[in-house]
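>>> just need the structure, nothing else, for what follows:
(2 chains)
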Amino acid sequence: MTTSTLEINQLRIQLGNNTLNYQQSIQAGQTVTLQGVSGVGKSSLLLCIAGFIKPSHGTIKWLSTDITKASIERRPVAMLFQENNLFEHISVQRNAQLGTKGISLDEIEECAEQLQIADQLSKMPAQLSGGQRQRVALLRTLLRPEPIMLLDEPFAELDNTTRSIAANWVAKKAKQHNKTVLLVTHQMEDVERLADRNWLIGAQTF
Amino acid sequence: MAIRIFITQFANIVGLLFILLICAITLLAFYGLIAFEPAGAVPTDSNAWYDRIYAIVQSPLLKDDYFHSILLFSIKQALLSALISTVLAWPIARAIYYLPKVYFKNTFLSLSLLCFVLPTLVLITGFVSLLGLSGILTPYLGDHWSLYGLQGILIAHVYMNLPFAVRAMYNQLQSIPDSSWQLSSQLKFSTWQKFSLIEWPAMRSNLSLIFGFITILCFNSFAVVLAFGGGPQSTTLEVAIYQALKYDFNISEALTLAWSQFAIAGVFFIVLYRSSSVTWLSKNVAEKSWAPRPNTANRLLFYGIYIIAFAFLLLPLFSLIPGIFAAKYTISLLTNIGQALTLTLALGLLSACVAMIISYAIMLPIRHCVLANNTRAASLLQWFANHTLIAPAMVLSVGLYILFLALIDLDKWGMIFVVLLNVLLILPFAIQQIRPRLMQYDSDYGMLYPSLKLSYTERFVIEWPYIKPVFLSTFSLTLLIAMGDVAIFSIFGSAQLQTLPWLIYQYAGSYRINEASFASAILLLLYLAILLPIEKTNKKA
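Okay, here's the model as predicted:
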């Protein structure tokens, strides 16, 4: 029997008239992709694990510690949102450095090189395309020290080639630093490329 | 981590404490009003508050014709001023909208902002030089013309508020998307259809708000009525309070008038508060890529309106020039103006700095509530933070004056009250101006910055460049408003130290109109020096 380290236990989120229920155990270092039709509550689950949505019932445990009521700042979580991941009024490089204490600029530049955005670091976010912005945010999220990565449609704005580069980079970094990744995607190729397990979320109950 | 949370909570608590402090000062002012025993009121043995309030309600003054006449005049001049300003602003706003490349458009818009924040006394001096007894234009206005009375008050109020309405309406028109005009052309709309389906819906939402806002401003107007009014036929509550307090020392009368002023301004405020704020300072939307072109006749009409509006705004300012040349520049005049200028700047800077710090601090718990989706608490806090809009300067000043008169030497400590009350009165304005920018920041990044687990300093370092343009322009505007104060200074000011607006009032009041013109020109230059960078910042933002 394997020990799970991220335990989502009888979690219930109330969004207006919609009740969303979740039950899942995820091992440390696993990459789990989340799939399901729009509005089924994939993003809400990530926001709940990150502390932005309060559940009406149930618990979230990390390494047996209940983090359900912990403040956002105290959670072992780094999250990539669907949008607004970059501060528009500061440079891309400065954006990439936020929250990545202990990571040298060299390392950031190296990762940027791998993600093909090294030329963009000195620019302002408004000068970047949607895909470039997404990769900057991805870079920062994966370099952060937190053990749980929540990635909400991280490759949505990328073309096929860049998507493949970015997905492989995420897989490599996640394994290298033993990150537990929950990744929302609509593409089966992301599942095939990255997932240790695919979690298909439906209008389920416990 | 624990320190970060502590600091965030501490900052929220500081904000809450400031809100409590503001409310406490207002309560103190009202305690001053309620606790005072009105001499002319129905005698009562009890000290209970409701008895006191009952005594005020039963005050013989409320049944007096003098009171009725003041009350009617206050409301009449406010409504008329607002109506004329709003009606006249519409064609002007349309003219500059439909003439996007008209010469000096930016100058006109900057001038509009200047006219709105200009100390009333400068404007009064300008109008006296232009339309007063020996004014430049007076010989052409017939034998029965007089600047004093309702017409003078209306002209001054329209001059001050018309530019505000023009800017607000122009911003509304600018918000019409290009695609609406393109679609209307493609569908071959008639002029009426363009107006009723595109222009009117864009204007409608803010029209009543603009009207309401100007009504409140004019209802609370002090210096204009003090200068151009006179006698019960053309006196407002605000001036009547001042006269009762300063000339007659009739505190019971001042008290009843202050309560009436508060009650009516409160009704206006509640009506206005239910609507959203008017955007008038927002940056002028960049050149439109596609806008409807009026036909030649309409273009000529718009040019005519534009030129007349420009002349109306410039004339009172230019009319200061003859006075400047005619003034006798004695050492005493220059010393007086130098001293008054220094005091005006010092009081203004102090008030604006304190107001900006407090407004930012007050926004912290409000933002916290909004981020936590607790909109009810956020609205409540905002209401408490903005409540000084209800209590006009004169009401707060009178309350605190009555309360502290017996407790401390107000001649000695008056300046502290001038700063304190100025802070209180510019605070809602500061909050209204910085709130949208902060809310926008939170709306865009409200999830990002807690998610990045940034320290409080890091957060501020990132936030500052985002809010800096709005923060600095708001600071400058609050500085201008505080520097232009006359109402508070008239109650708490000392006889030895004078602010520049008060000095202008003294000169104008003693028919030294040339000296008043010179002092006005100095103040005008100072305002321009502060205002022009704001406009540049707004264009860059």
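>>> C-alpha from now on. contacts and neighbour counts both.
Fine.
>>> okay, now the closest residue to residue A:180 other than its chain neighbours: neighbour count?
Leaving out its chain neighbours, the residue that sits closest to residue A:180 by C-alpha to C-alpha, 6 or more residues apart in numbering or on different chains is residue A:29, at 4.4 Å. The tally of other residues near residue A:29 (other C-alpha atoms under 10 Å in any protein chain shown) stands at 18.
>>> who's in contact with residue A:29?
By C-alpha atoms under 8 Å, 6 or more residues apart in numbering or on different chains, the contact list for residue A:29 reads A:174, A:175, A:178, A:179, A:180, A:181.
>>> identify the residues contacting residue B:442.
By C-alpha under 8 Å, 6+ apart, residue B:442 lies in contact with B:367, B:371.
>>> go with 10 Å
If a contact means C-alpha atoms under 10 Å, 6 or more residues apart in numbering or on different chains, then residue B:442 has B:367, B:368, B:370, B:371, B:436, B:448, B:449, B:463 as its contacts.
>>> phi, psi for the residue nearest to residue A:180 please.
Taking degrees, to the nearest 10, you get phi 90, psi -10 for the backbone angles of residue A:29.
>>> repeat that for the one 5 residues further on.
In terms of degrees, to the nearest 10, the main-chain angles of residue A:34 are phi -110, psi 130.
>>> ok, now residue A:77?
Note on residue A:77: its backbone torsions stand at phi -130, psi 140 [degrees, to the nearest 10].
>>> wait, doesn't it sit right on residue A:147?
Yes: with contact defined as C-alpha atoms under 10 Å, residue A:77 counts as touching residue A:147 (6.5 Å).
>>> could you give the mean pLDDT of stretch B:426-438?
Mean pLDDT, stretch B:426-438: 89.
>>> ignore what I typed, I meant stretch A:176-194.
For stretch A:176-194, the per-residue pLDDT averages 92.
>>> stretch B:224-236 too?
79.
>>> how long is it from one end to the other?
Start-to-end span of stretch B:224-236 (C-alpha to C-alpha, to the nearest Å) is 10 Å.
>>> now do the buried residues in it.
B:224, B:225, B:226, B:227, B:228, B:229, B:230, B:232, B:234, B:235, B:236 (16 or more other C-alpha atoms under 10 Å in any protein chain shown).
>>> likewise for stretch A:165-181?
In stretch A:165-181, counting by 16+ other C-alpha under 10 Å, buried: A:166, A:167, A:168, A:169, A:170, A:171, A:173, A:174, A:179, A:180, A:181.
>>> just curious, which of these is nearest to residue B:195?
residue A:166 (51.8 Å; C-alpha to C-alpha).
>>> quick one: contacts for residue 140?
Since you didn't name a chain, this refers to chain A. So residue A:140 contacts A:78-80, A:85, A:93, A:95-100, A:108, A:111-112, B:452 (C-alpha under 10 Å, 6+ apart).
>>> chain B is the one I meant
residue B:131.
>>> rewinding a little: of the buried residues of stretch A:165-181, which belong to strands?
Secondary structure from DSSP state E places A:180, A:181 of the buried residues of stretch A:165-181 in strands.
>>> and the two most separated of the buried residues of stretch A:165-181?
A:166 and A:180 (17.1 Å).
>>> from the contacts of residue B:442, which would you call buried?
Applying 16+ other C-alpha under 10 Å to the contacts of residue B:442 flags B:367, B:368, B:370, B:371, B:448, B:449, B:463 as buried.
>>> and those as TSV, adding pLDDT, distance to residue B:210 and secondary structure?
TSV is the format used below for those (pLDDT from 0 to 100; distance: C-alpha to C-alpha, whole Å; DSSP: H, G, I helix; E, B strand; the rest coil):
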residue	pLDDT	distance to residue B:210	secondary structure
B:367	91	27	helix
B:368	89	30	helix
B:370	88	27	helix
B:371	86	30	helix
B:448	90	36	helix
B:449	87	36	helix
B:463	93	31	helix
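>>> ok, and which of those reach chain A?
Restricting the buried ones among the contacts of residue B:442 to those within reach of chain A (C-alpha under 10 Å from any C-alpha of the partner chain) leaves B:371, B:448, B:449, B:463.
>>> for chain B, which element, helix or strand, carries the lowest mean pLDDT?
Lowest on mean pLDDT, DSSP states H and E among the helices and strands of chain B sits helix B:49-57, with a mean of 64.
>>> what residues sit buried inside the next helix or strand after that helix?
Using DSSP states H and E, the helix or strand that follows helix B:49-57 in sequence is helix B:65-98. Counting neighbours by 16+ other C-alpha under 10 Å, one finds that the buried residues in helix B:65-98 are B:67, B:69-86, B:88-98.
>>> now for the next helix or strand after helix B:65-98, which elements pack on it?
Proceeding N to C from helix B:65-98, the next assigned helix or strand is helix B:105-117, under DSSP H and E. The contact analysis (3 or more C-alpha pairs under 10 Å, 6 or more residues apart in numbering or on different chains; DSSP states H and E) places helix B:105-117 against helix B:65-98, helix B:150-174, helix B:296-318, helix B:456-483, helix B:513-540.
>>> cheers, nothing more for now.
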